[in-house]
Each structure stands twice: as C-alpha cells, then as structure tokens.
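Q: Here is a sequence with its predicted model. Questions after.
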Amino acid sequence: MLSVIRHIIRKEFIQTFRDKRMLLPLFVAPVLQLILFGFAATTDVKNISIGVLDYDKSRESRALIGNFLNTEAFRLDHNIGSIEQIDDQIQRGDIKVAVVIPSNFEKNLHGGQNTSIQIILDGSDANSATIVLSYIARLLNSHSEKIMTEVLGRNMSGLIKSQERIWYNPDLKSSIYMVPGVICLILLITTLLLTAMAITKEREMGTLETLVVSPIKPWELIIGKTAPFVLIGLVDIVLILLAGKIIFGLPIRGSILFLLGVSLLFIVTTLSIGLFVSTISRTQQQAMTSVLFFLMPAMLLSGIFTPLESMPRVIQHLTLLNPLRYYGKAVRGILLKGNGPEILWPEILALFLFGLVTLGVSSLRFRKHLE
Amino acid sequence: MICIEVNQLTKQFGRFTAVNNVSFKVEKGEIFGFLGPNGAGKSTTIRMLCGIIRPTSGSASVGGYGIDSFPEDIKRIIGYMSQKFTLYQDLTVEENIDFYSGIHRLPSKLKTERKRWVLKMAGLMGRETTLTRNLSGGWKQRLSLGCAILHQPDILFLDEPTASVDPASRRDFWDLIYDLSDLGTTVFVTSHYMDEVERCHRIAIIYNGKIIASGSPKKLKVQYTGNSESSLEDVFISAIKREKENEK
C-alpha cells in the first residue's frame, strides 16, 4: 500500500518538473516575492517630499528646517512662495507634507513664548500620513528641547523623558516585519493552489475516473497527490528563510525545526482546503477562481499585514476562524521573538484543530465525490 | 459460466432516467457488445458496473461480486478504458506503464514482463521515452488498452474504445480484443459503429435507456429482418421501429 502512494508521488513529481518552466513559479517566484515585499512593501518613513513655506526666514526657522532635512525621512524638493502653492502641490502629489512657519516664529521663541507651526498632510494615504505625523511630532519634541536648553541656558528639569528600547526589531525595519508574513503567504498559496489544481487536472483530463476504477484507496490517492506539495512548501520555507537572512538580515531566533513542524501542521489545513476546492471545481480555471476567493479574505483577516487590534470588534471575532491568523503569529513569534511551544501552544492547538476538521470534512467530501 | 449478471438495473439523474430497468447476462470469455446511439445509456451502464457511480435501483454482479457490496473486489479483477483518452499526456510511454502497474500492485518481476508485453502488443517498442501526447491516435489507443490490461483482468470494460481512431487502427484494435477473448478474458464493449459490433459474440441494443433487442448478430438479423445476410443497421432501425410501435 505504501508502494501505491510512492508511485503516485513519483508520477506527481515527474509531471510537476517535466515542464522546466514550473521551476520558476515554484522556487524563483517565492524568493522574488520576498525581495519585492521586503524592499517595496515598506512602511518605513523615507524620502517623503516636503514643502516648506517660511514666513519668518530667521536663524531659528532655518535651524528647524535643517533638522527636518537632516533625516533620511524627508526630502525638500520644492520651495514654496505662497499658501496657494501648497494647495496646488499637494493636489498634484508633488509633496506629501507642507510645513508653514509663521513670521513671528523666532521672536516668540526668544521671548520665551510658545509658538506653533502648521503641518499640512496629504491624508489620502492615511497609513503613511499617520506614520509621518508621529515622526514629525518626535522631531519637534527633540527640537524644542534643544531650544529650551539653549534659550534658558540650563538643562531641562521636571520633564518626563522616555527611554525607548524596542525589542525584536530595534530599528523597526519593515522588512523584518514583512519576511515572516511572506513565508505565510507563499506557503499558503503554493500548497493550496497546487493541490487544488493537481487534483482538478486529473478530473479535467479524465484520468481521475481511471484512478477510481483502479484498486487505489481514496486515502492513498489523497496522500499521494498532496505529499509532493508538502515537500515543495517546506523547501520554499527554507529558501525564503535563507534569502531573508542574506538579503534583509532576518533574525532567526527560534528553532527552525519547530518552525517547520508548525508549518507542517498549517499545511495540513491548506492542503485540505485545496482538496475541498477540487471537489467543487470541474476545471482548473474554476479551481483557481475558488482559491482566490478564499485567499483574499484569508490574507486580509490574518493580522499579518495589518494589526488585528485595529479591526472592528466583529471582524476581530471573525479572524478567529482564519487559520492564517494563528500561523502568522507563530511564524513571527518563532523567528523574531524566539518563541517555543511553551508560548505558542494555543496557536499549535488551533492549527491542529483546523487541520483535523478541514481534513476530515474534505476527505469525506472527496470520497463521496469519487463515488 | 456467467461472468456479468445485470438485473433490472436503473439509474436516474434527477428526473431523467438514463438507464431503465436493464437486465442481461454475459458469459465468461464472451465479447459482449452494447450498441446504441449517443446518450442511450451505454456509458452509464458501464460506469455502474465498474463502480464509478451507484445505481438507483436494481442489482448487478461482476465476476461473482455484487456491485453494491464488493466494489473493491471488482476493481481488482476488471480493466476499464473510458471514452476519454485517459493516459497522462505529459508522461512518457514507459512512465505511464510503470504508473499503472504500480497502482495495480504488480510484483516487480511481473512488472518487467508485462511492460515488455504491452510495448510489443501496442507496437511501441523503441518508443518508451516518447511523451504520450506526441503519439498518434491509434498508438494512444493501444497504449490505453495496454495500461487497462497490465494486471491481466478477468473482465475488460471498453467504453467506445475506437471512437477517435482511424479505420485501420480500429481493425488492429479489434484483433487485439479477439486475442484477449481467446485467452479467456470477458470483454464488455460499447460502440455506435455497426460494423465493429458485428464482430461481437453477442450484442444488446440499447435505446433511450432500455434494451430493445439482444442476442447474437446472426440471430438478431433473422429475428428483425428475416435475412441473415442483412446488415446490423437494418436490425437497429427495425428494432427501434418495433419499440416505438410497442410504446403506442
């Protein structure tokens, strides 16, 4: 009976690799996606175009502007002459941020008074606007501290300063945050899509009927058809980890074996869903569409790229039904925090239950479907 | 010895009756032809006997095993070639043979022997590494048959086996079927080609899900046209005519 499974697996591998073009989507695409996600899908504040309207044109105003430009975050592309120009430039997208310094800026400062500057932000990209805003707030804070020290001629006292220590990703590099997410995505897509396609292909070609009439047992068929993609998925994980480490300096703090183990548990679920999709699709195209139908919500409601905490309460409850949520948390935990089973056991338990239920339902449906 | 026995077998898809109360018997070693136009219920009958779909009512046994109670035993003793060409196009000739002998659990010694036999039978010696999709229709057909009988089944089900091959290949194919029958294999074959069904030992004509005539080609000719030299086509037409009159 093992020999039957072996024959199915061998056939599956021959078919998958016969077409050399398959190597591209299977092994090159994941690494490519990783690089794209790591470099391009970044939320770091970098090279933000800023426009400055300086009514004061004083030493203090120039010092403040200099402070903005001293960082990598902002780039001064446009000097602005009038308030109307700001409107125009933000409208056209030339600048994301405009800073307006009022004419009595230096006078007020030196007179020991409070003063304010106006910050205008392009909020059409709410996410980066928020990040830029908090970045500017920090910048202004440290600048005013400096001024106070100079003007008052003594060190500040009676202020609460925060001593920040950011754990796990001290530079808050978004690539470090992205790479584990990419692992989840790629594993999900390869295993789910390939399984669904491989089984639907047999149905489409009519070979499934021949298999049904042969003395293969349904579970032998299921294992034989899915095992190759489990292997390919695991190889992809190792590839992405390597690339992530070399290209982005991804820390691997936890055990790789543990990561592979948890991934295997997750794959049981994705393969089962792929199996399920194959029972509701007659053609490979239908299978592909059904998979996409599942992928989008699974990705968006996983908390991998957006924080679960900011979702509405109802949606948050909904994410509990998303296996990707648990896997995403586990992968980040293992890689970035070095978490082990003692911390991640709820996620493991959830993935185990998901695997059990989806595998049970799908195999039953598959068996029934064969008959 | 009775090899296939079918009793009042019926299959309904929703409100449509594909096979209607069909009964017949097939002797061991016989070539039994199932003749009928497209959509008459030939494939549905074969698919029930092979255990691909379940009948709505009625019973049948194949090789002594009931199709309801022992489908797994039936699968071991039958070979099946479906209407569609069902080898893996992206595998080579040899890989297809190896795969099918693998899933039929042939012991490795028998494997090599049967592989050689199939290659020779299909005329594919020296083409082991050709991709199946690059074979011509007749070759594909013989390879399909080869893969269906690798495990030397007692009973062979052929569903429109020659639907997509040229006349010369069809004749070769029928010669192979005769050889198998001589060796004791029971062959159940469906077709809508009158000329090839002529070569069967016995035939049944199925029309709108019902068997409207059965017997040896010769007997049917006498029975329906009164002339043993007439063609099966005449038999077919007059059988349908009688059936329609009976309905009225």
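A: That came through fine.
Q: ok, for residue B:88, nearest residue in space, not its chain neighbours?
A: residue B:96 (5.8 Å; Cβ to Cβ, 6 or more residues apart in numbering or on different chains). (Each C-beta comes from the backbone N, C-alpha and C, glycine too.)
Q: For chain B, give the residue positioned nearest to chain A.
A: The minimum distance from chain B to chain A, using Cβ to the nearest Cβ, falls at residue B:102 (3.1 Å).
Q: Quick check: that residue touching residue A:3?
A: Yes. Between residue B:102 and residue A:3 there is a contact at 6.7 Å, judged by Cβ atoms under 8 Å.
Q: So for the two, which residue has more residues nearby?
A: Using other Cβ atoms under 10 Å in any protein chain shown as the criterion, residue B:102 and residue A:3 rank with residue B:102 on top: 21 against 13.
Q: Measure how buried the residue in chain A positioned nearest to chain B is and give me the count.
A: Residue nearest to chain B within chain A: residue A:7 (3.1 Å; Cβ to the nearest Cβ). Number of residues near residue A:7 (other Cβ under 10 Å) recorded here: 21.
Q: Confirm that residue A:46 sits in a strand.
A: No. Assignment of residue A:46 by DSSP: H, G, I helix; E, B strand; the rest coil gives coil, placing it outside any strand.
Q: Roughly how far does it sit from residue A:273?
A: Residue A:46 is 38 Å from residue A:273, where distance means Cβ to Cβ, to the nearest Å.
Q: Looking at those two, which is more packed in?
A: Between residue A:46 and residue A:273, residue A:273 has the larger neighbour count (other Cβ under 10 Å), namely 25 against 12.
Q: host element of the residue sitting nearest the centre point of chain B?
A: Geometric centre of chain B, nearest residue: residue B:158, 2.2 Å, by Cα atoms, centre = their mean. Residue B:158 belongs to strand B:155-159 when elements are defined using DSSP states H and E.
Q: before we move on, back to that, surely the residue nearest to the centre of chain B touches residue B:81?
A: Yes. Using Cβ under 8 Å, residue B:158 is in contact with residue B:81, at 5.0 Å.
Q: Overlap in contacts, those two.
A: B:145, B:148 (Cβ atoms under 8 Å, 6 or more residues apart in numbering or on different chains).
Q: quick one: low-confidence ranges for chain B?
A: Judged against pLDDT under 70, chain B has no low-scoring part.
Q: how about the residues of it near chain A?
A: B:50-54, B:72, B:75-76, B:78, B:80, B:82, B:84-91, B:95, B:98-100, B:102-105 (Cβ under 8 Å from any Cβ of the partner chain).
Q: Show me just the buried residues among these.
A: Buried subset of the residues of chain B next to chain A (neighbour count, 16 or more other Cβ atoms under 10 Å in any protein chain shown): B:50-53, B:75-76, B:78, B:80, B:82, B:84-91, B:95, B:98-100, B:102-105.
Q: Tell me which entries of those lie within helices.
A: The members of those that map onto helices under DSSP state H are B:75-76, B:95, B:98-100, B:102-103.
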